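K.L.:
dropping a prediction and its sequence here:
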Amino acid sequence: MGIMSTILGGGDSHSTEDYVELDLDDFEDARGDAGMRVHIAEIADSGDIIEIKDAVYDGDFVIADITRHSTTDSTVEHIIDELRQVAREVDGDIVQKGDDQLIITPTGVTVSREKLNG
């Protein structure tokens, strides 16, 4: 299973220990000063969205875990509405993957609604 499949896979709760840092020393010069970062976030309550909003406003990409909430939970609806507004404001994108993840992108980045492999 690839790293993105692990990150985007559904259902399981992950901690920072679940992500393995790969040695990129050989690629440091090739990477240069990358402007966008990808953040992994967990939304436990509505207060957690402040950092997500800040990251998106700063031009970063966020994958947010919402497994602590039911999809019928009004808190999730409120969180999604707030993050949808942020995506609109920055001309980014937002999608919900399954019942457990939100993907929020910065200016000019869209998420394809079709899988690469079918």
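P.N.:
Arrived safely, thanks for sending.

K.L.:
who does the spatially closest residue to Tyr19 that is not a sequence neighbour bridge with?
P.N.:
Nearest non-adjacent residue to Tyr19, counting by C-beta to C-beta, 6 or more residues apart in numbering: Ile40, 7.2 Å away. (Glycine included, C-beta is placed from N, CA and C.) Beta bridges link Ile40 to Ile63 when assigned by DSSP bridges.

K.L.:
okay, now Ile40: neighbour count?
P.N.:
Residues lying near Ile40 (other C-beta atoms under 10 Å) number 14.

K.L.:
got the contact list for Arg113?
P.N.:
Arg113 makes contacts with Val95, as judged by C-beta atoms under 8 Å, 6 or more residues apart in numbering.

K.L.:
what does the pLDDT read for it?
P.N.:
According to the predicted model, the pLDDT of Arg113 comes to 91.

K.L.:
please apply the same query to Ser70.
P.N.:
Per the predicted model, pLDDT is 59 at Ser70.

K.L.:
Asp18 too?
P.N.:
On the pLDDT scale, Asp18 is placed at 72.

K.L.:
what do you get for Ile79?
P.N.:
At Ile79, pLDDT is 88.

K.L.:
was I right about it contacting Ile66?
P.N.:
Yes - counting by C-beta atoms under 8 Å, Ile79 touches Ile66, with 7.3 Å between them.

K.L.:
rewinding a little: and the residue nearest to Tyr19, how far from Lys97?
P.N.:
13 Å (C-beta to C-beta, to the nearest Å).
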